[in-house]
Each structure stands twice: as C-alpha cells, then as structure tokens.
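In: predicted model, plus sequence, below.
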Amino acid sequence: TLMFDLIPEKFCTKDLIIRHFQEAYEESLHPEDVQIAYFVSKLIALTAKLEKARRAVNYCESYISKKGQRLLMNDNCCGIVFGCCSCGAVNDIDALDFYQQRVNDLRTEVEKEQTNLHKKPIGVAFVTFSNLQSAETVKKDFQGRLCCLSASPQQSSLQKDLKPETWEVRFAPPPEDIYWENLNKSNFRIIKVWVINTILFIVLFFCTSPAYLINLLETLPFLNAESIRDEMNEGLPSYITDFLPTLLLWTLSALLPVIVAYSDWWLGHWRRSLENLWIMRKVFGYLLFMVLILPSIGLTTVRGLVESALKSENSTAEINWECIFLPDNGAFFINYVTTSALIGTGLEIIRFPELFMYSFRLAFARSQAEISSVRKEILYEFPFGINYAWMLLIFALTVSYSVICPLITPFGLFYMVMKHATDRYNIYFAYKASKINKNIHGCAINCVMISLLIQQLILLFFNTVRANGTSGLLPPRGIFSITMFTIFSLLFLVQIFFHAFKGISPIQYIQKPTQLSLQPEEGSRVLNTAHRHTYRTQQFIPDVLRNVNINV
C-alpha cells in the first residue's frame, strides 16, 4: 500500500483517483482499493466523550439494580470532590438522567460530524496494489530522476485537477502506527515545532546541567548548603550528606527528560514509531550532554562553555587540561549509577507521574460513574523512547569510565539487570504495547558507538594530557590512544553517513511479498475472496469510523 500526500483537497475522492490510475497506467498497475483520509480529529474527540458517557450510563443502571436507589451527582466540574465534603455547593441531580441526556446530545453531534465528514478530505490517500512489484513501480514513477528535478509521472485526463507531479509518495506505515487525528498537516503545527524546539534550546543553553540548578538553589538563604551544614552538622550523618547531592542530581536529571518528552508529544507526530524515535534521540542527546560530557570537563552549562572559550581578557589564561576527564569523577558516576539502579527503578515501578495524573483526573470527575473512564484514560503506552534513552545513558556512563575507573562496571551491570526486570514487568502488566520500528534499534546502535567513541576520547586525554612524561615526545600509550581514536572516529563516520557495515548489522529484516503475507498460516481458517477483500479495504480506516460503521 502506498500513501499519497499533497493531493488537492477539492478533487481528493476515491473515484477520481481510481480513474486517474486506470487511465495513466497499464492494467497490471491498477489499484485494488483506495482509501481517502479525512479530518477526523473532532470526530475522535466526540466519540471518546460519547463512549465515556455510555460507560457512565451503564454504571448508573448497574448501581440501581444492585442498591435499589438512584445515584445522585453534582454536575459541576470536580463534582466528586464536592460530593465528599459537606462544604461544597449542593446541586444534586439524578446521574442516570444527566448521562442519558449527554449521550443523546453527543450522539447528535457525532452523527452531524459523520454527515459532513466527506467534505473534509485532507489530501491523503492510501492506494493498495495487487503485489509489491506494482507498488514499487508506481512509487519509482512518482520520484524524480535527480534530486534537483521534479517528478513526471504518467498523465491522464485529470492531470490539471489532480496535479500528480506535486504528490508525495511513500510506503504506507501499518494502520495501528498512525495517529489519525494528527495526520492532517497545518501551518500551526510548523509554528509549534519551531516554538517548542526554540524554547528547549534556550533551556539547554542557559540551564543545561542539574549542577547549575543546585548552584541556583544554594543562593537562597534557607537552602544555603553551608548554613544547613553548620546548623545540622550534629543531626545528619555523613553518609546522608554525601548521598543527598547525588539524589538531587538524579531527581533533576530525571525530571528534565520528561519535560522534553511531553513537549515532543504535544507537537503531534502522525506516527507512533517516529514519535518514540525522536523522543529517544532528544532525551539521549540531552542526558549525555547534561550528565556525562559537561560534568566531565568541569562545566555546568553550555553558557559556561562558550564563556570559557570566548574569554580573552587575561592573555595568560590557559585551560587547565589536567582537570578534564578526571578519574576521580568515577566515584560520582558510581553513585549516580547506583542511585539509578536502586531508587530509579523503584520509582519506575511505583509510577509517580501516572499516579499524579490519575489523582488529577479523578479530582475533575463529576461523579463516581466516571471513575471507570478515568482508569481507562491513564492506561498509557509504554514510553519506549524515554526508557531506551535512559538505559543507553547508563551504558554510556559505564563504558566511558570502565577503563580508568573499573569499579563502575559491576554497578553498571547491576543497573542493567534491575532495568531489565523493571521494564519487563511494566511492559507485561502496567502499560499498553507501544509501536516501534527498526530505526529506533539502529539509532540505539549509533548511540552505543558514540559511547565507545567517548571512551576512546577519555583514554586519549588520560594517556596524553595527564601523562607524567617530561620529554616533549608523547608516551607510547598516548600514540596508541591517538591511533585508536582516529581509527574509531573514521569507522563511526563511515557507518553513520555511508552505512558501510549495514550487511553485518545484528538487525536482520526479511520483507515478505504481498501475496505470501496474505496467505493464511497453518491451522488458521481460510477466508474466501470476498472476506479477504473486505478486510483489505477496511485496513486503512480509523478505528472511530469502524466502530460507527460509516462508509466514506
């Protein structure tokens, strides 16, 4: 199935697109089915409210049958909170009548939206062909010969109306991978992307490291570290005072990636797999720069890095290279990895963000009939991008300091075991299944290579700058480190830009032809041609349209 985008909305109909392919291409390249995508954001929101009201009606009917009395409610927002306290405004009404009236009103709005749905195409069509070769042939026809030339596909009598030379063509992702409410493109989304990324860049520039936030907190009189130490030196043991900075650093570094992830969710990606991929890239890059790189070079923010690089008032000022990548930093990172393994994985099992959102949504419920809907709304997909990035960060910390501080290695292994058990429990019992593709695993391999590159860089500094040799020549260890770092950097660049080692990748994918993928497996019931065609035609239809049995 091919996905065609940028079709003129006025002429984006099933009949016109089928007619165009029948006139422009030979019979073997004619499409078997065409599905048009519509603006369904409002319909999805209305359908969700309708299902919520229906569940409330079912609860009220069950409540009457069990207790023999009608349920009363407060129709204001936070009605369940007002009902628990006597100081709330008394506005009790019958819950069953309220939700039945709401169901009728929402059903009317849904039917009205369904009636006007055919007037809201978004210029996207899913065209299904008989086999993979036909789809590839049509896709190549819509692609330009060179990057600087536009495409020149086959023409038909509808050339002026449909303008196929402006279409964007790609293989369609799986239907369950698509956010149908985000499929429509708008200028407002482009503005959101620029605004959100600009804000994140400013935060990254001025407030990169949690150590910088700790320094800001220490400027407050009641949070000054020296005054607290003087006043409570006798009451707090040393192991608590040594542990609190690491715990605070972990807390701040765990909070900021969540902000990055939520900002990325607000952008409205139209594919679940790409959403997880971009969240993983941003979170890993942000954490790597914040937790590993800047503390290792003795700076707290990018602003400090730029100021130290541009500062030229003192001509005799020199960079103290011996303070870069200190082996003593390994003790700090051991505390960090241990904190992540014990406290971090424990908090992931408790899931405080989900608990907070559940309490927040529950407080805004009108009555206890909406509790079941609140519980269903907090069932999120597994945050694959965040957890993958966190695991890769700890791997980067462990690998980077594993040679100059070998004691970090068993603690890194301990974190991997704890993280594996925690994620396995959350995937099986706590979250819904998330959608990913092979690109996120390829990105993880690149992150592993970056970790190894940082390890070679640390060894280079350790064997050259911090060498005790007094002669002008580099020691043999320094020459070996420079050679290995150069070779590894070249291999990394060749893999990133030219994919030279794609053939020996541990990720192997086999793409089945369309005919084989449609054949039933052993032990399955064979469907006739009509049923098979019906299944295929309904494949690229949003779930909200399948549930209401609408044929557009």
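Out: That came through, no problem. Predicted model, so just to flag it, every value in this text is computed and none were measured.
In: from Met484, how far off is the nearest residue to Leu474 once chain neighbours are set aside?
Out: Once flanking residues are discounted, Leu474 sits nearest to Thr464: 6.1 Å by Cβ to Cβ, 6 or more residues apart in numbering. Where C-beta positions appear, they are placed from N, C-alpha and C, glycine not excepted. With distances taken as Cβ to Cβ, to the nearest Å, Thr464 is found 12 Å from Met484.
In: and the closest residue to Lys139 other than its chain neighbours, how far from Phe188?
Out: With sequence-adjacent residues excluded and distances taken as Cβ to Cβ, 6+ apart, Lys139 is closest to Val169, at 5.3 Å. Distance, Val169 to Phe188, using Cβ to Cβ: 25 Å.
In: what do you get for Pro8?
Out: Pro8 is 21 Å from Phe188, by Cβ to Cβ.
In: which of the two has more residues huddled nearby?
Out: Set side by side, Pro8 and Phe188 show more neighbours around Pro8, with 14 against 9, by other Cβ atoms under 10 Å.
In: show me where the stretch 301-450 of the chain has helices.
Out: 302-310, 329-339, 345-350, 352-363, 371-377, 384-400, 408-425, 438-464 (DSSP state H, counting those that start in this stretch).
In: which one of those helices lies nearest to Ser130?
Out: Ser130 lies closest to helix 438-464 among the helices of the stretch 301-450 of the chain, at 26.0 Å (Cβ to Cβ).
In: same for the closest one, what does it pack against?
Out: On a contact count with 3 or more Cβ pairs under 8 Å, 6 or more residues apart in numbering; DSSP states H and E, helix 438-464 meets helix 272-287, helix 384-400, helix 476-498.
In: show the average pLDDT along it.
Out: Per-residue pLDDT values across helix 438-464 average out to 86.
In: rewinding a little: is the residue nearest to Lys139 in contact with Met3, as I believe?
Out: Yes - counting by Cβ atoms under 8 Å, Val169 touches Met3, with 7.3 Å between them.
In: same list (the helices and strands packed on helix 438-464) but as JSON lines, adding distance to Ile445 and mean pLDDT.
Out: Below are these laid out as JSON lines (distance: least, Cβ to Cβ, whole Å; pLDDT from 0 to 100):
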{"stretch": "helix 272-287", "distance to Ile445": "12", "mean pLDDT": "88"}
{"stretch": "helix 384-400", "distance to Ile445": "10", "mean pLDDT": "91"}
{"stretch": "helix 476-498", "distance to Ile445": "9", "mean pLDDT": "85"}
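In: of these, which is nearest Cys443?
Out: Nearest to Cys443, of the helices and strands packed on helix 438-464 and by Cβ to Cβ, is helix 272-287 at 6.2 Å.
In: let me know the angle separating the closest one from helix 438-464.
Out: If you take axes from the mean of the first three to the mean of the last three Cα atoms, to 10 degrees, helix 272-287 sits at 20 degrees to helix 438-464.
In: could you dump helix 272-287 to CSV, C-alpha only?
Out: Listed next in CSV are the C-alpha coordinates belonging to helix 272-287 (Å, rounded to 0.1, in the frame of the first residue of the first chain):
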residue,chain,number,x,y,z
ARG,A,272,3.8,6.4,16.9
SER,A,273,7.2,4.8,15.8
LEU,A,274,8.6,8.2,14.7
GLU,A,275,7.4,9.8,17.9
ASN,A,276,9.3,7.2,20.0
LEU,A,277,12.4,7.6,17.8
TRP,A,278,12.5,11.4,18.1
ILE,A,279,11.9,11.2,21.9
MET,A,280,14.8,8.8,22.2
ARG,A,281,17.1,10.9,20.2
LYS,A,282,16.4,14.1,22.1
VAL,A,283,16.4,12.5,25.5
PHE,A,284,19.6,10.6,24.9
GLY,A,285,21.5,13.6,23.5
TYR,A,286,20.2,15.9,26.2
LEU,A,287,21.1,13.5,29.0
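In: from the chain's centroid, how far away is that helix?
Out: Distance of helix 272-287 from the chain centroid (Cα atoms, centre = their mean, to the nearest Å) equals 5 Å.
In: for whichever helix or strand comes after that helix, packing partners?
Out: The helix or strand immediately downstream of helix 272-287 is helix 294-296, counting by DSSP states H and E. Using 3+ Cβ pairs under 8 Å, 6+ apart as the contact test, the elements touching helix 294-296 are helix 329-339.
In: the helix it packs on: how far from the chain's middle?
Out: With Cα atoms, centre = their mean as the basis, helix 329-339 stands 27 Å off its chain's centre.
In: so which bits of that helix are buried?
Out: Across helix 329-339, burial judged by 16 or more other Cβ atoms under 10 Å covers 329-330, 332-339.
In: again, but for stretch 344-357
Out: 344-345, 347-348, 351, 353.
In: which two among those residues are spaced furthest apart?
Out: Using Cβ to Cβ, those span at most 15.0 Å, a distance reached by Thr345 and Pro353.
In: quick one: the strands in this structure?
Out: Secondary structure of the chain by DSSP state E: the strands cover 2-5, 33-38, 72-74, 92-94, 121-128, 168-171.
In: okay, those strands in a markdown table with mean neighbour count next?
Out: Putting the strands of the chain into a markdown table (neighbours: other Cβ atoms under 10 Å) gives the following:
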| stretch | mean neighbour count |
| --- | --- |
| strand 2-5 | 20 |
| strand 33-38 | 21 |
| strand 72-74 | 20 |
| strand 92-94 | 13 |
| strand 121-128 | 21 |
| strand 168-171 | 14 |
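In: tabulate those (TSV), appending distance to Glu27.
Out: Putting the strands of the chain into TSV (distance: least, Cβ to Cβ, whole Å) gives the following:
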stretch	distance to Glu27
strand 2-5	18
strand 33-38	16
strand 72-74	63
strand 92-94	64
strand 121-128	15
strand 168-171	21
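In: now those in CSV, with mean pLDDT and distance to Ile427?
Out: Shown next, in CSV, are these (pLDDT from 0 to 100; distance: least, Cβ to Cβ, whole Å):
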stretch, mean pLDDT, distance to Ile427
strand 2-5, 90, 29
strand 33-38, 89, 31
strand 72-74, 81, 37
strand 92-94, 82, 43
strand 121-128, 90, 30
strand 168-171, 89, 28
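In: which stretch among the ones you listed comes nearest Val544?
Out: Closest among the strands of the chain, once you apply Cβ to Cβ, is strand 33-38, at 10.5 Å.
In: how far away from the center of its chain is the closest one?
Out: Per Cα atoms, centre = their mean, the centroid offset for strand 33-38 relative to its chain is 27 Å.
In: now swap in stretch 368-376 and tell me
Out: The answer for stretch 368-376 is 26 Å, by Cα atoms, centre = their mean.
In: list the buried residues for that stretch?
Out: Across stretch 368-376, burial judged by 16+ other Cβ under 10 Å covers 368-371, 373-374.
In: ok, now which ones touch Ile93?
Out: 72-75 (Cβ atoms under 8 Å, 6 or more residues apart in numbering).
In: just want the phi and psi numbers for the residue nearest to Lys163 when sequence neighbours are not counted.
Out: Of all residues not flanking Lys163 in the chain, Pro8 sits nearest, at 6.1 Å (Cβ to Cβ, 6+ apart). Pro8 adopts backbone torsions of phi -60, psi 130, taken as degrees, to the nearest 10.
In: and if you look at the one 4 residues further on?
Out: Main-chain torsions, Cys12, degrees, to the nearest 10: phi -80, psi 80.
In: now stretch 257-266: buried residues?
Out: Buried-residue list, stretch 257-266, by 16+ other Cβ under 10 Å: 257, 260-261, 263-264.
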